[in-house]
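Q: Dropping a prediction and its sequence here:
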Amino acid sequence: MRIQRGKRGRKGAYALVMVLLLAAVSTLIYAGAHGWTCSTTVINDRNNVYNRTVAAAEGATERVLSYVTRDFLHQSYDPEDLEPYRNLVPVQEWAADFEFCDGASGPNRTFVDSSRTMVSTNLESQFRGLYGLVYSCQVRSQARALNTPYENITAAVQQELQLASIPVFQFAIFYSMDLEINPGAQMTVTGKVHSNADIYAAPVVGLRFLDDVAATGKVKFYRHPDDPTEGTKVMPVFEDDDGYVENVSSLTLPISSNNSPAAVQGILDVPPFNEPYQSLEGKQRYYNNCDLIVSVTHTNVLVQTGRWNNMETVNPDVNPGLTNASYSFVKTNASFYDGREKKWTLTTDIDVNAMRNWMANGSTGGQVNDLAKSTLGRELASIYVDDRRSAAGKLTVARVVNGRYLPNSGLTVATSRPLYVKGHFNAPDTSPGSTNTTATKPASLVGDAITVLSGDWSDANSGTPMNKACDTTVNAAFLAGIVPTTNYFGTKHYSGGVENFPRLLEDWRSRSLTYNGSMVIMFPSRFATGFWVQTGTYYHAPTRRWAFDLNFLDYRKLPPATPQVRKLIRGKWSVVAAN
């Protein structure tokens, strides 16, 4: 009997073969995928361990940086003694999973290197365009992962940084508080602007910023909530490529752990009797850094050299009865009316021209000046005025007069009291609006508040309707306080803004106030506390011809006793080869 095999049987055989083939291929694919998955899992796990090791190495460098920053800000950083930093490694619980070393000399070490001296150099990061006195540092740490199935996973991280002391007068405008700038006339700011708080910019007509603008807080294009002033508000123009920057780190003076504006105000004060000169506060006080100290009481005027010469008493020739009375540069018999404060003053006048003559005199002044040149390498260049007089209803103040030409090394006048400057100051070129400061000397005026009086100011007429001002030029950095914008018992008061930071007491209409310098506002005023009132009450506004003095971008042309803020500036961060 013959059996016939049909097509159906053959097809079944083929199907079985195909199933077996597909099963084999699937098995191979699965095996490959499983192997790939396992391999990928291992690679990912190793990569995660490596990333954690990089983070551990970075954490080791950050621990060192925290101590370096603390010591630098507290002025106790010693580049000659880096061992305390090199012995620092992380101590947190996660650190037990790693072994740390500096890649060279052994475990539980961090590599730390620093330049031994501070060098004037350009700054990095947000401070581009500025310079500082800088220690250049490197911090490097190597970490090796422990307790993992993978051997020798090691990573090293290096950070480069600058420990910088930054002269504060490099800014056209620097505020440690809220900065308000709401000019009623067109205004151009030609230098850098920084606020350690917020910036309120709502100009009435126009406002141009030609350089960087930065705020630790926010830049707001409206007026402060407690500012009652109304008027058209237009958008400022930012001509720098970066426009404005918010949420930057603050810049503070190394005063203490408390760098509030009220604490910073202490740099103007006479130090307490038992305060060490080398303390944080002591190093920053103008009293400790000025070349001459003028102390005034109701019965006496005492002039001493500064700490550079152990506070030796010198003869200022202040007695008008002396035969060389032309050399007298301290006078204490003037008084005038301040229309903003609504008070008459007790005034100590510093006559700059008489001081120059006194310094050139072969007797006392010449001898002290020669001593300064041999000891300091320059002539006398700074005065601190400590007027201790008081009288009911009167305001104790200092004033600078006859200051068109300054001593050869420049001049800083500082006081804890309100400070006034009368007439041209540091102004060989008195052309209205001139920014030619090539022949000026380094200069700054420092006080509780600063008021500019024109050359036509008259003490005798100060209590009558406003004096008529004349064109006046002042070339100096200003460091002072303001009366901040506030709501005082339900009444709102505007600070006056940057545009009214230099106070005025005259009718300046059709007159120019030319100013080249740097405006630094550090604290609320303590003595000159009268609120700003709109123009027309005790003054009429001038044509403001203001500019940042480019001289201050050269450290050799900084005013005497310029304060410096301190900052750790991060540079290059990199993962480097281990060992």
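A: Done, it's in.
Q: quick one, helices of the stretch 201-350 of the chain?
A: 261-264, 280-284, 286-289 (DSSP state H, counting those that start in this stretch).
Q: and if you look at the chain?
A: 7-73, 83-86, 261-264, 280-284, 286-289, 352-360, 364-376 (DSSP state H).
Q: Now do the fourth one: which elements does it pack against?
A: It stands for helix 280-284. Counting contacts by 3 or more CB pairs under 8 Å, 6 or more residues apart in numbering; DSSP states H and E, helix 280-284 packs against no other helix or strand. Backbone N, C-alpha and C define where each C-beta goes, glycine included.
Q: Give me the mean pLDDT for that helix.
A: Per-residue pLDDT values across helix 280-284 average out to 84.
Q: Check the longest one too.
A: Helix 7-73 shows an average pLDDT of 75 in the prediction.
Q: that older thread, with distance to T297 and mean neighbour count added, can I get the helices of the stretch 201-350 of the chain in CSV?
A: Listed next are those as CSV, based on distance: least, CB to CB, whole Å; neighbours: other CB atoms under 10 Å:
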stretch, distance to T297, mean neighbour count
helix 261-264, 27, 17
helix 280-284, 24, 18
helix 286-289, 16, 22
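Q: export the ones you listed to JSON lines and tack on distance to T110?
A: Formatted as JSON lines, the helices of the stretch 201-350 of the chain follow (distance: least, CB to CB, whole Å):
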{"stretch": "helix 261-264", "distance to T110": "33"}
{"stretch": "helix 280-284", "distance to T110": "27"}
{"stretch": "helix 286-289", "distance to T110": "36"}
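Q: of all those, which lies closest to T537?
A: helix 261-264 (26.9 Å; CB to CB).
Q: Which neighbouring elements make contact with the closest one?
A: Helix 261-264 packs on strand 519-524, going by 3+ CB pairs under 8 Å, 6+ apart.
Q: Just the residues contacting the strand it packs on, thanks.
A: By CB atoms under 8 Å, 6 or more residues apart in numbering, the surrounding residues in contact with strand 519-524 are 168-169, 171-177, 179, 253, 261-262, 264-265, 267, 477-484, 498, 501-502, 563.
Q: strand partners of that strand, parallel vs antiparallel please.
A: Here strand 519-524 has these sheet partners by DSSP bridges: strand 173-175 (parallel), strand 477-482 (parallel).
Q: burial measure for F501, as a count.
A: Applying other CB atoms under 10 Å, we find 22 residues neighbouring F501.
Q: what about the closest residue to it other than its chain neighbours, how many neighbours?
A: Excluding the flanking residues, the one nearest F501 by CB to CB, 6 or more residues apart in numbering is M519, at 5.5 Å. By other CB under 10 Å, 24 other residues sit near M519.
Q: quick one: pLDDT of M519?
A: Taking M519 on its own, its pLDDT is 98.
Q: Distance check, it against L479.
A: 8 Å (CB to CB, to the nearest Å).
Q: again with R140
A: From R140 to L479 the distance is 40 Å (CB to CB).
Q: got it, and L419?
A: 10 Å.
Q: Now list whatever residues contact both of those two.
A: Looking at what touches both L419 and L479 (by CB under 8 Å, 6+ apart), the common residues are 445-446.
Q: Tell me which residues are up against stretch 84-94.
A: Under CB under 8 Å, 6+ apart, the answer for stretch 84-94 is 56, 59-60, 63-64, 67-68, 95, 98, 100, 102, 108-112, 139, 141.
Q: Buried ones among those?
A: Taking 16 or more other CB atoms under 10 Å as the criterion, what is buried in the contacts of stretch 84-94 is 56, 59-60, 63-64, 68, 95, 98, 100, 102, 109-112, 139, 141.
Q: coming back round to it: neighbour count winner among R140 and L479?
A: L479 (28 against 22).
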